[in-house]
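Colleague: Would you be able to build a 3D model of this:
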Amino acid sequence: MSKDYIPSPDTDFSFWSGNLLSKIEPYKPTFGITDAEIDDLKVQRDTFEKSVKDTEVAKTTLQSLVETKNTIRAKFESVIRKMVAHMKTHKDYTPAIGEDLGVVLPATPSKGSPTAKPTFTATLLATGVRLDWPKDIYSGVIVQGKRGEETAFILLGTDTRSPFEDTRVNINPAKPETRIFRMRYVLNDEEVGLWSDEVKVYCLIDEGTR
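Modeller: As a prediction, this is how the structure comes out:
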(Lines give C-alpha, C1' and ligand atoms only; values in the text may rest on other atoms or scores of the structure.)
Protein backbone atom coordinates (compact mmCIF):
# COMPACT_ATOMS: atom_id res chain seq x y z
CA MET A 1 0.00 0.00 0.00
CA SER A 2 1.52 3.32 -1.11
CA LYS A 3 2.07 6.04 1.45
CA ASP A 4 -0.30 9.00 1.29
CA TYR A 5 1.25 12.45 1.05
CA ILE A 6 -1.47 13.82 3.32
CA PRO A 7 -0.58 13.03 6.98
CA SER A 8 -3.22 11.20 9.04
CA PRO A 9 -2.86 12.73 12.54
CA ASP A 10 -5.00 15.85 12.85
CA THR A 11 -2.17 17.98 14.23
CA ASP A 12 0.12 17.03 11.35
CA PHE A 13 -2.64 17.56 8.79
CA SER A 14 -3.39 20.98 10.26
CA PHE A 15 0.24 22.08 9.94
CA TRP A 16 0.55 20.55 6.48
CA SER A 17 -2.61 22.20 5.10
CA GLY A 18 -1.62 25.55 6.57
CA ASN A 19 1.76 25.31 4.89
CA LEU A 20 0.14 24.45 1.55
CA LEU A 21 -2.28 27.39 1.66
CA SER A 22 0.45 29.81 2.69
CA LYS A 23 2.59 28.86 -0.32
CA ILE A 24 -0.01 28.26 -3.05
CA GLU A 25 -0.38 31.90 -4.14
CA PRO A 26 2.51 32.02 -6.71
CA TYR A 27 1.24 28.84 -8.40
CA LYS A 28 -2.32 30.04 -9.01
CA PRO A 29 -1.76 31.52 -12.50
CA THR A 30 0.22 28.51 -13.72
CA PHE A 31 -2.40 25.96 -12.72
CA GLY A 32 -5.50 28.10 -13.24
CA ILE A 33 -6.45 28.07 -9.57
CA THR A 34 -8.98 30.78 -8.77
CA ASP A 35 -9.24 33.05 -5.75
CA ALA A 36 -12.65 31.54 -5.03
CA GLU A 37 -11.13 28.06 -4.82
CA ILE A 38 -8.46 29.24 -2.38
CA ASP A 39 -11.03 31.13 -0.31
CA ASP A 40 -13.14 27.98 -0.11
CA LEU A 41 -10.14 25.95 1.04
CA LYS A 42 -9.38 28.51 3.73
CA VAL A 43 -12.97 28.38 4.98
CA GLN A 44 -12.83 24.58 5.08
CA ARG A 45 -9.53 24.66 6.96
CA ASP A 46 -10.97 27.10 9.52
CA THR A 47 -13.96 24.79 9.95
CA PHE A 48 -11.63 21.83 10.41
CA GLU A 49 -9.50 23.71 12.95
CA LYS A 50 -12.61 24.53 14.97
CA SER A 51 -13.78 20.92 14.89
CA VAL A 52 -10.36 19.76 16.15
CA LYS A 53 -10.51 22.22 19.04
CA ASP A 54 -14.10 21.22 19.83
CA THR A 55 -13.07 17.57 19.85
CA GLU A 56 -10.20 18.22 22.26
CA VAL A 57 -12.51 20.15 24.58
CA ALA A 58 -15.01 17.28 24.49
CA LYS A 59 -12.29 14.73 25.28
CA THR A 60 -11.05 16.83 28.20
CA THR A 61 -14.60 17.22 29.49
CA LEU A 62 -15.23 13.48 29.19
CA GLN A 63 -12.03 12.68 31.07
CA SER A 64 -13.05 15.09 33.83
CA LEU A 65 -16.52 13.53 34.08
CA VAL A 66 -15.02 10.03 34.30
CA GLU A 67 -12.64 11.10 37.07
CA THR A 68 -15.51 12.74 38.97
CA LYS A 69 -17.60 9.59 38.59
CA ASN A 70 -14.74 7.45 39.90
CA THR A 71 -14.32 9.71 42.93
CA ILE A 72 -18.05 9.58 43.69
CA ARG A 73 -18.10 5.81 43.35
CA ALA A 74 -15.08 5.38 45.63
CA LYS A 75 -16.80 7.42 48.34
CA PHE A 76 -20.11 5.57 47.86
CA GLU A 77 -18.35 2.20 47.96
CA SER A 78 -16.44 3.14 51.11
CA VAL A 79 -19.68 4.01 52.92
CA ILE A 80 -21.26 0.71 51.87
CA ARG A 81 -18.23 -1.31 53.03
CA LYS A 82 -18.28 0.45 56.39
CA MET A 83 -21.98 -0.31 56.86
CA VAL A 84 -21.57 -3.96 55.82
CA ALA A 85 -18.57 -4.41 58.12
CA HIS A 86 -20.71 -3.13 61.00
CA MET A 87 -23.56 -5.50 60.09
CA LYS A 88 -21.24 -8.52 59.99
CA THR A 89 -20.12 -7.89 63.57
CA HIS A 90 -23.70 -7.63 64.84
CA LYS A 91 -25.05 -10.51 66.91
CA ASP A 92 -28.11 -10.90 64.67
CA TYR A 93 -26.14 -11.19 61.43
CA THR A 94 -26.36 -14.56 59.65
CA PRO A 95 -24.80 -15.98 56.47
CA ALA A 96 -28.30 -16.12 54.98
CA ILE A 97 -28.64 -12.36 55.41
CA GLY A 98 -25.26 -11.88 53.78
CA GLU A 99 -26.26 -14.01 50.79
CA ASP A 100 -29.60 -12.21 50.50
CA LEU A 101 -27.90 -8.81 50.39
CA GLY A 102 -25.12 -10.01 48.11
CA VAL A 103 -22.37 -9.06 50.58
CA VAL A 104 -20.74 -12.51 50.61
CA LEU A 105 -19.46 -14.53 47.67
CA PRO A 106 -21.69 -17.51 46.84
CA ALA A 107 -20.22 -20.98 47.17
CA THR A 108 -18.79 -22.04 43.81
CA PRO A 109 -17.28 -25.37 42.76
CA SER A 110 -13.47 -25.36 42.77
CA LYS A 111 -13.48 -25.73 38.99
CA GLY A 112 -15.79 -22.78 38.56
CA SER A 113 -19.37 -22.78 37.39
CA PRO A 114 -20.00 -23.97 33.81
CA THR A 115 -22.58 -21.20 33.50
CA ALA A 116 -20.36 -18.42 34.88
CA LYS A 117 -20.75 -15.37 32.68
CA PRO A 118 -18.78 -12.14 33.23
CA THR A 119 -20.61 -8.84 33.27
CA PHE A 120 -18.57 -5.75 32.49
CA THR A 121 -18.88 -2.10 31.62
CA ALA A 122 -17.03 -0.11 28.97
CA THR A 123 -16.00 3.49 29.61
CA LEU A 124 -14.70 5.71 26.83
CA LEU A 125 -11.63 7.69 27.90
CA ALA A 126 -9.52 10.17 25.99
CA THR A 127 -6.73 7.57 25.76
CA GLY A 128 -8.77 4.44 25.02
CA VAL A 129 -11.59 2.23 26.28
CA ARG A 130 -11.59 0.96 29.86
CA LEU A 131 -13.35 -2.32 30.67
CA ASP A 132 -14.31 -2.86 34.32
CA TRP A 133 -15.17 -6.42 35.30
CA PRO A 134 -15.86 -8.34 38.58
CA LYS A 135 -13.22 -10.93 39.44
CA ASP A 136 -15.37 -13.09 41.70
CA ILE A 137 -13.50 -16.34 42.50
CA TYR A 138 -11.79 -16.52 39.13
CA SER A 139 -8.16 -15.90 38.16
CA GLY A 140 -9.03 -13.40 35.47
CA VAL A 141 -10.71 -12.97 32.11
CA ILE A 142 -9.92 -13.43 28.45
CA VAL A 143 -10.77 -10.29 26.50
CA GLN A 144 -11.68 -10.43 22.83
CA GLY A 145 -12.76 -7.69 20.47
CA LYS A 146 -13.50 -6.70 16.92
CA ARG A 147 -13.76 -3.29 15.28
CA GLY A 148 -14.51 -1.53 12.04
CA GLU A 149 -15.15 -4.04 9.26
CA GLU A 150 -13.71 -7.00 11.23
CA THR A 151 -16.11 -9.96 11.30
CA ALA A 152 -14.32 -12.23 13.77
CA PHE A 153 -13.26 -11.62 17.35
CA ILE A 154 -9.53 -11.45 18.05
CA LEU A 155 -7.70 -11.91 21.34
CA LEU A 156 -6.88 -8.60 23.02
CA GLY A 157 -5.34 -10.13 26.11
CA THR A 158 -5.82 -11.96 29.39
CA ASP A 159 -6.42 -9.72 32.37
CA THR A 160 -5.96 -10.78 35.98
CA ARG A 161 -6.89 -7.47 37.55
CA SER A 162 -9.69 -5.11 36.58
CA PRO A 163 -9.80 -2.83 34.67
CA PHE A 164 -8.58 -3.85 31.22
CA GLU A 165 -7.66 -0.97 28.90
CA ASP A 166 -7.80 -1.04 25.12
CA THR A 167 -5.47 1.77 24.02
CA ARG A 168 -5.24 0.89 20.34
CA VAL A 169 -5.36 3.77 17.88
CA ASN A 170 -8.29 3.72 15.44
CA ILE A 171 -7.70 1.85 12.16
CA ASN A 172 -8.34 5.18 10.47
CA PRO A 173 -7.17 7.84 12.97
CA ALA A 174 -9.44 10.43 11.35
CA LYS A 175 -12.61 8.31 11.47
CA PRO A 176 -14.63 7.12 14.50
CA GLU A 177 -15.07 3.36 14.71
CA THR A 178 -17.27 0.84 16.48
CA ARG A 179 -15.55 -1.60 18.84
CA ILE A 180 -17.27 -4.69 20.22
CA PHE A 181 -15.89 -6.49 23.28
CA ARG A 182 -16.62 -9.76 25.08
CA MET A 183 -15.06 -11.64 28.00
CA ARG A 184 -14.83 -15.13 29.43
CA TYR A 185 -13.60 -16.16 32.85
CA VAL A 186 -10.27 -17.96 33.40
CA LEU A 187 -9.55 -20.18 36.40
CA ASN A 188 -6.15 -21.83 36.90
CA ASP A 189 -5.18 -21.07 33.28
CA GLU A 190 -8.34 -22.69 31.88
CA GLU A 191 -11.32 -20.95 30.28
CA VAL A 192 -14.46 -21.36 32.36
CA GLY A 193 -18.14 -20.77 31.73
CA LEU A 194 -19.84 -18.76 29.02
CA TRP A 195 -18.89 -15.75 26.97
CA SER A 196 -20.27 -12.50 28.29
CA ASP A 197 -22.81 -10.42 26.44
CA GLU A 198 -21.19 -8.22 23.83
CA VAL A 199 -20.58 -4.57 24.70
CA LYS A 200 -20.33 -1.99 21.93
CA VAL A 201 -18.44 1.32 22.05
CA TYR A 202 -18.19 4.10 19.45
CA CYS A 203 -14.80 5.81 19.71
CA LEU A 204 -12.09 7.93 18.14
CA ILE A 205 -8.61 7.19 19.53
CA ASP A 206 -5.59 8.70 17.78
CA GLU A 207 -1.92 9.24 18.60
CA GLY A 208 -2.64 12.76 19.76
CA THR A 209 -4.74 11.52 22.68
CA ARG A 210 -2.30 8.91 24.01
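
Colleague: tally of neighbours for Y138?
Modeller: 21 (other C-beta atoms under 10 Å). C-beta here means a position set from N, CA and C on the backbone, and glycine is covered the same way.

Colleague: Is it part of a helix or strand, or is it coil?
Modeller: Following DSSP: H, G, I helix; E, B strand; the rest coil, we place Y138 in the coil state.

Colleague: which non-adjacent residue is nearest it?
Modeller: Y185 (4.3 Å; C-beta to C-beta, 6 or more residues apart in numbering).

Colleague: thinking that neighbour is in contact with W195, fair?
Modeller: No - contact criterion C-beta atoms under 8 Å: Y185 and W195 do not qualify, at 9.6 Å.

Colleague: Same drill for these two, tell me which one is more crowded.
Modeller: Each of Y185 and W195 has its neighbours counted (other C-beta under 10 Å); Y185 has more, 26 against 15.

Colleague: Looks to me like the more buried one is in a strand.
Modeller: Yes - secondary structure of Y185 (three-state DSSP): part of a strand.

Colleague: who touches the host helix or strand of P29?
Modeller: Assessed by DSSP states H and E, P29 sits inside helix 28-31. Residues outside helix 28-31 that contact it (C-beta atoms under 8 Å, 6 or more residues apart in numbering) are 34-35, 38.

Colleague: V84 and A74: what is the separation?
Modeller: V84 sits 16 Å away from A74 when distances are taken as C-beta to C-beta, to the nearest Å.
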